[in-house]
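J.: coordinates only, sequence not included:
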């Protein structure tokens, strides 16, 4: 008798490096079968262990520009001199199969995607629900400790990541939801609750 | 460093009689310590087992009208010839103690409360987050079966309840969230998720 339209949820997660986003997203994808991860394109070279088509589609600068020309991207942005872009095809595939789409975007990417959806350029996309979540570290000091203890990055890279984290964190209020990741279990519980709640939202605003 | 303002959540739940609202609310209050139930005033006589000050404040027509004059109500409405009203004091008490407030209102009451909050009449109240949830039965037929099997009401009362349920269900789209209560466990999981998610909402719109 009564039901919400069966729409796909487009869910964007942004977080500075070290805030715990990857772990949280992996758990979400493991729990929710109906959630598809949208694999982005990038011109940055793969890091050890990264797989083409799973972590990213690793493509050349030339191909990236061709794809821009062809209108293949829903949004794209340049970060640290490399290009990153969300393929329309990844999102449409989710919509066609009735699955939710999880996008891991930086603040620039999320901002551009919001603008695109708002600008009504993509009819099929606009009919979907959209929710974006910012995951913040409890403080920049905590983030610094986490990045140091990971031992992955040299000092100057950590410094650059922290500068960038501070700038990104300043934009948390652009998002619909904020999770301050102090404790992983608590944060995961909030994240999955947001996903469930969003499927029962009536007003899309 | 980053945090949402520590606001109280005003949570309104509406549902036609027999949709499972009471059970769901009781479970919510049992699980969430920070949730306070807002006891309404009514001029309807208590039913067997109902306690004054727990289920309702049972007051006379005269007292109800005096309280309207004194501006004691956040909203009030007449249902089946009886008056029902939400006391401002109940909600303010929640806000002062930093607790969320759960309100069980019919569609008229929820509509009036939304209008009051929108009209900006209550500053302290407007700063709070507000979420309303409509709980619907899977169908009017299911509701009829449930009401009959409860065996509490005579036939004509069931007929009246069903008429009213149909009218109420027609207004589900006024709410922020819709839960179609087909299975109690599933519905409860959604309800608690909404409460958790709403505490992490940034944009209040």
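T.: Noted; the coordinates are in hand. Only a predicted model underlies this, so the values are computations on that prediction, with no experimental measurement involved. Numbering: from 1, shown residues only, chains lettered A, B, ... in the order given.
J.: check the spatially most central residue of chain A and give its pLDDT.
T.: By C-alpha atoms, centre = their mean, chain A has its centre lying nearest to residue A:104, at 1.9 Å. Looking at residue A:104, its pLDDT reads 93.
J.: for residue A:31, see how far away it is.
T.: 17 Å (C-beta to C-beta, to the nearest Å). In this view, the C-beta of every residue, glycine as well, is placed from N, C-alpha and C.
J.: find the nearest non-adjacent residue to the residue nearest to the centre of chain A, please.
T.: Distance criterion C-beta to C-beta, 6 or more residues apart in numbering or on different chains; nearest residue to residue A:104, sequence neighbours excluded, is residue A:13 at 5.7 Å.
J.: again, but for residue A:108
T.: Per C-beta to C-beta, 6+ apart, closest to residue A:108 is residue A:77, 4.1 Å.
J.: do the same with residue A:196
T.: Sequence neighbours aside, residue B:193 is the residue nearest to residue A:196 in space, at 3.9 Å (criterion: C-beta to C-beta, 6+ apart).
J.: burial measure for the one you found, as a count.
T.: 22 (other C-beta atoms under 10 Å in any protein chain shown).
J.: kindly report the same for residue A:139.
T.: When neighbours are counted by other C-beta under 10 Å, residue A:139 comes out with 14.
J.: low-confidence regions, chain A specifically.
T.: Scanning chain A for pLDDT under 70 picks out the ranges A:1-6, A:120-127, A:203-205.
J.: up against chain B, what does it have?
T.: Applying C-beta under 8 Å from any C-beta of the partner chain, we find that chain A lies next to chain B at A:1-4, A:134, A:136, A:138-140, A:169, A:172-173, A:175-180, A:189-190, A:192-194, A:196-198, A:200-203, A:205.
J.: which of the residues you listed fall within strands?
T.: A:134, A:136, A:177, A:178, A:179, A:180 (DSSP state E).
J.: what sits opposite the first one in the beta ladder?
T.: Taking DSSP bridges as the rule, residue A:134 bridges to residue A:14, residue A:178.
J.: now the strands for chain A?
T.: Assigned by DSSP E, the strands in chain A fall at A:9-14, A:35-37, A:40-42, A:56-58, A:73-79, A:82-87, A:100-104, A:129-136, A:177-180.
J.: related to what we said a few turns ago, are any of the residues of chain A next to chain B buried, and which?
T.: Buried members of those, scored by 16 or more other C-beta atoms under 10 Å in any protein chain shown, are A:134, A:136, A:140, A:169, A:172, A:175-180, A:190, A:192-194, A:196-198, A:200-201.
J.: which ones are touching the residue nearest to residue A:82 when sequence neighbours are not counted?
T.: Leaving aside its sequence neighbours, residue A:82 sits nearest to residue A:44 (C-beta to C-beta, 6+ apart; 3.8 Å). Taking C-beta atoms under 8 Å, 6 or more residues apart in numbering or on different chains, we find residue A:44 in contact with A:56, A:58, A:80, A:82, A:84.
J.: what of residue A:166?
T.: Residue A:166 neighbours (C-beta under 8 Å, 6+ apart): residue A:140.
J.: same question, residue A:40
T.: Neighbours of residue A:40 in contact, by C-beta under 8 Å, 6+ apart: A:56, A:57, A:84, A:85, A:86, A:87, A:90, A:103, A:104, A:105.
J.: please identify, among those, the one with the most neighbours.
T.: Of the contacts of residue A:40, with other C-beta under 10 Å as the count, residue A:86 tops at 27 neighbours.
J.: quick check: that one touching residue A:76?
T.: Yes. Counting by C-beta atoms under 8 Å, residue A:76 is a contact partner of residue A:86 at 7.3 Å.
J.: quick check: neighbours shared by the two?
T.: Contacts common to residue A:86 and residue A:76, judged by C-beta under 8 Å, 6+ apart, are A:41, A:109.
J.: tell me the contacts of the residue nearest to the centre of chain A?
T.: So residue A:104 contacts A:12, A:13, A:14, A:21, A:25, A:37, A:38, A:40 (C-beta under 8 Å, 6+ apart).
J.: how close does it get to residue A:93?
T.: Separation of residue A:104 from residue A:93 (C-beta to C-beta): 16 Å.
J.: and residue A:8, by the same measure?
T.: Taken as C-beta to C-beta, the span from residue A:8 to residue A:93 is 10 Å.
J.: more neighbours: those two, which one.
T.: residue A:8 (24 against 14).
J.: what sits against that one?
T.: A:94, A:95, A:98, A:99, A:100, A:101, A:128, A:129.
J.: what does residue A:187 give?
T.: By C-beta under 8 Å, 6+ apart, the neighbours of residue A:187 are A:20, A:24, A:135, A:179, A:180, A:181.
J.: save the residues you listed as CSV, and put in distance to residue B:154 too.
T.: Compiled in CSV, the contacts of residue A:187 are given as follows (distance: C-beta to C-beta, whole Å):
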residue, distance to residue B:154
A:20, 58
A:24, 54
A:135, 55
A:179, 51
A:180, 54
A:181, 56
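J.: residues in contact with residue A:18?
T.: A:137, A:143, A:146, A:147, A:150, A:161, A:165.
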